[in-house]
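Engineer: Based on what follows, work out the 3D shape:
(chains A and B)
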Protein chains: 2
Amino acid sequence: MANVLVFGHQNPDNDAIMSAVVLSQLLNQVEYAGNTYEACALGQLPAESAKLLADAGIAEPRVIESVEAGQLVVLTDHNESAQSVAGLKDATVFGVVDHHRIGDFETAGPLHYICLPWGSSCTIVTKLAGVLGVELSDVQAKLLLSAMMTDTLMLKSPTTTDVDRAVAAKLGEQVGVDPVKFGMEVFLTRPSGSFTAAEMVGNDIKMFEPAGKKLLIGQYETVDKSRALGMIDEIREAMRAYAAEKGADGIVLCITDIMEEGSQVLLEGETEAAQKGLGIADEHDGVWMPGVLSRKKQVAAPIMAAC
Amino acid sequence: MANVLVFGHQNPDNDAIMSAVVLSQLLNQVEYAGNTYEACALGQLPAESAKLLADAGIAEPRVIESVEAGQLVVLTDHNESAQSVAGLKDATVFGVVDHHRIGDFETAGPLHYICLPWGSSCTIVTKLAGVLGVELSDVQAKLLLSAMMTDTLMLKSPTTTDVDRAVAAKLGEQVGVDPVKFGMEVFLTRPSGSFTAAEMVGNDIKMFEPAGKKLLIGQYETVDKSRALGMIDEIREAMRAYAAEKGADGIVLCITDIMEEGSQVLLEGETEAAQKGLGIADEHDGVWMPGVLSRKKQVAAPIMAAC
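Structural biologist: Next comes the predicted model:
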């Protein structure tokens, strides 16, 4: 019997947190493989996750910065080492539950690897409850639904599939809420307008390596992009500082307006791959890309595919 | 709507065939993602698969040697390109259903990737039927159970998990057979004793790349190893010829005796990694490794881990 750490990516979003929290609960409920499972987080929780867990009386996942050699881990909502914990290469990956592209991932032996191209890792966790033969509690259903709604931008993102819509409807029924209305409530618990330029950049950002370059791709979601657009110079400075701190060659920031359904895309540093993949130039005020809501499907995938 | 080709590895065994046949049927039954799915095979069917399909009145999967650029594919029972179809790197992998280590696998976008460390790919296909909401027909249950039994050597291989045992019991109940007795019947439809040395080598063999070397690892399963042991020189010659034909640096052959529960392991060519990983020398008559029944878990994994 081993202790297995379960965690999502760096700069965790609500999907990274809730997938780790509920998946570890489910695995403990069925005593999967005789192990115990502990939810962790690779950074401070987003405001909505902290509030949802506090309301449910669930302790926040322990924040960890590294793992020891040989530690058993389950990765949720990511699989690439650049987005994961320090020390991962000497840890043992027991499992992965994810909905992203597969990075350069190689193992010596078989493991649990479940990737499905659905809108949220929590959609997969919901389905896994069925495979494990566990009935979700109302609290679990609520936490999972909250992450499905934030990750699919209230089911509006093009990453949303029929499976997500069906699962969200079922969870909404169990919890007794309309999924989209509930999602909007969750979204509005975020401290709107109080973000500094540095927070806009670092809030939700991931490292990619197109064509051997280190490229950061960040996303700041808002219901009103006008404030961000009034502070472009400050944001660009924060982008340069963040890229320098992380040793990245370039950085892309998508200021995503959920209401207007599109993103203002800013580039800094070496962003040839991004310019090619997105078909945009490096304009000072950024380029408005209507309909672009998904970093994964509409930003990262075309950049990686263009290499 | 696209046509998706579903196939297992080269030199297909019963698990590679049945996982492709039944998975494609299930995906067609639910019209998954609006596509059609066609089972294929990367080589001649093993005797037991041909008989089981003929008895069930199901056409044998079409044998293919390559795929065109952009072809949508689902890989079953493998994920490594060295074990797959020619042209794979320019195809689009729609999904993978597998129970092996993950090779150097990378994609531009998300896909369906389901790997579970269970004894047979058909155990996973059985569970997927539930996720897809399909009730297996008795014929499907029988085909899946046959592959579970051959791949786990009647549930005796150390790759066998509690999940396999539970799924086998359930399938056996549906079909009305004792899983192990049924598995032995399936095994005995193989043309025992009629294998040539070249067939023993090529019957079930996969390419690995430990430490940058091309290493073939083959397995010949028998209920009586004495005949094989009486033709060692001939088998060694066939191993050298097979390795030369495939451009491999080295080759490992496990002559696995199911009744005595162990393998006689023969090495040819550059096999430093294999010698280190298995802790054996290159003896002329091979080395008897008691309890070694699983190429994946007891042969390939320690060799890959030793690099």
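
Engineer: how far away is residue A:80 from chain B?
Structural biologist: Remark: distance between residue A:80 and chain B (CB to the nearest CB, to the nearest Å) = 10 Å. Every residue, glycine included, has its C-beta placed from N, CA and C.

Engineer: ok, now how distant is the residue nearest to that residue when sequence neighbours are not counted from residue B:77?
Structural biologist: In this structure, residue A:80 finds its nearest non-sequential neighbour in residue A:103, 3.5 Å apart by CB to CB, 6 or more residues apart in numbering or on different chains. Residue A:103 sits at a distance of 23 Å from residue B:77 (criterion: CB to CB, to the nearest Å).

Engineer: Can you list the low-confidence ranges for the stretch 51-200 of chain A?
Structural biologist: Applying pLDDT under 70 to the stretch 51-200 of chain A flags residues A:192.

Engineer: Show me the helices in it, by range?
Structural biologist: For the stretch 51-200 of chain A, applying DSSP state H, counting those that start in this stretch gives helices covering A:121-132, A:138-151, A:162-175, A:179-187, A:197-202.

Engineer: Keeping just the C-alphas, turn the shortest one into CSV.
Structural biologist: Which is helix A:197-202. Extracted in CSV, the C-alpha atoms of helix A:197-202 (Å, rounded to 0.1, in the frame of the first residue of the first chain):
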residue,chain,number,x,y,z
ALA,A,197,-1.1,43.1,-15.3
ALA,A,198,1.2,40.5,-13.8
GLU,A,199,-1.8,38.5,-12.5
MET,A,200,-3.4,38.6,-15.9
VAL,A,201,-0.3,37.1,-17.5
GLY,A,202,0.5,34.5,-14.8
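
Engineer: packing partners for it?
Structural biologist: If you count contacts as 3 or more CB pairs under 8 Å, 6 or more residues apart in numbering or on different chains; DSSP states H and E, helix A:197-202 packs onto strand A:215-222, helix A:232-246, strand A:250-257.

Engineer: roughly how far is the next helix or strand after the last one from the heart of the chain?
Structural biologist: Same thing as strand A:250-257. For strand A:250-257, the following helix or strand on the C-terminal side (DSSP states H and E) is strand A:262-269. Centroid displacement of strand A:262-269 relative to its chain, using CA atoms, centre = their mean, to the nearest Å, is 19 Å.

Engineer: Quick one: mean pLDDT for strand A:262-269?
Structural biologist: Averaged across strand A:262-269, the pLDDT comes to 97.

Engineer: Send me it as CSV with only the CA atoms.
Structural biologist: As requested, C-alpha coordinates have been extracted for strand A:262-269 and formatted as CSV (Å, rounded to 0.1, in the frame of the first residue of the first chain):
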residue,chain,number,x,y,z
GLY,A,262,-13.3,36.0,-28.8
SER,A,263,-9.7,36.8,-27.8
GLN,A,264,-7.3,39.7,-28.1
VAL,A,265,-3.9,38.0,-28.8
LEU,A,266,-0.7,39.6,-27.7
LEU,A,267,2.8,38.3,-28.7
GLU,A,268,6.2,39.0,-27.1
GLY,A,269,9.7,37.7,-27.9
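
Engineer: Give the partner strands of it in its sheet and their orientations.
Structural biologist: Sheet pairing of strand A:262-269 (DSSP bridges) gives strand A:250-257 (antiparallel), strand A:287-290 (antiparallel).

Engineer: what's downstream of the shortest one, the next helix or strand?
Structural biologist: Think strand A:287-290. Moving toward the C-terminus from strand A:287-290, the next helix or strand (DSSP H and E) is helix A:301-305.

Engineer: Kindly format the C-alpha coordinates of that following helix as PDB.
Structural biologist: What follows is helix A:301-305 as a C-alpha-only set of coordinates in PDB (Å, rounded to 0.1, in the frame of the first residue of the first chain):
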ATOM      1  CA  ALA A 301      -2.900  23.000 -31.300                       C
ATOM      2  CA  PRO A 302      -2.500  25.100 -34.500                       C
ATOM      3  CA  ILE A 303       0.800  26.500 -33.200                       C
ATOM      4  CA  MET A 304       2.100  22.900 -32.500                       C
ATOM      5  CA  ALA A 305       0.700  21.700 -35.800                       C
END
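
Engineer: can you tell me if that helix touches chain B.
Structural biologist: Yes - contact of helix A:301-305 with chain B (CB under 8 Å from any CB of the partner chain) involves A:301, A:304, A:305.

Engineer: is it possible to export those to TSV including pLDDT, distance to residue A:136 and neighbour count?
Structural biologist: Formatted as TSV, those follow (pLDDT from 0 to 100; distance: CB to CB, whole Å; neighbours: other CB atoms under 10 Å in any protein chain shown):
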residue	pLDDT	distance to residue A:136	neighbour count
A:301	92	31	19
A:304	92	34	21
A:305	90	36	15
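
Engineer: Please see if stretch A:4-21 touches chain B.
Structural biologist: No - Stretch A:4-21 lies out of reach of chain B by CB under 8 Å from any CB, never closer than 13.5 Å.

Engineer: One more: stretch A:32-46?
Structural biologist: No - Stretch A:32-46 is not in contact with chain B by CB under 8 Å from any CB; minimum separation 8.7 Å.

Engineer: tell me how far the ends of that stretch are from each other?
Structural biologist: Start-to-end span of stretch A:32-46 (CA to CA, to the nearest Å) is 29 Å.

Engineer: That's all I had, so thanks and see you.
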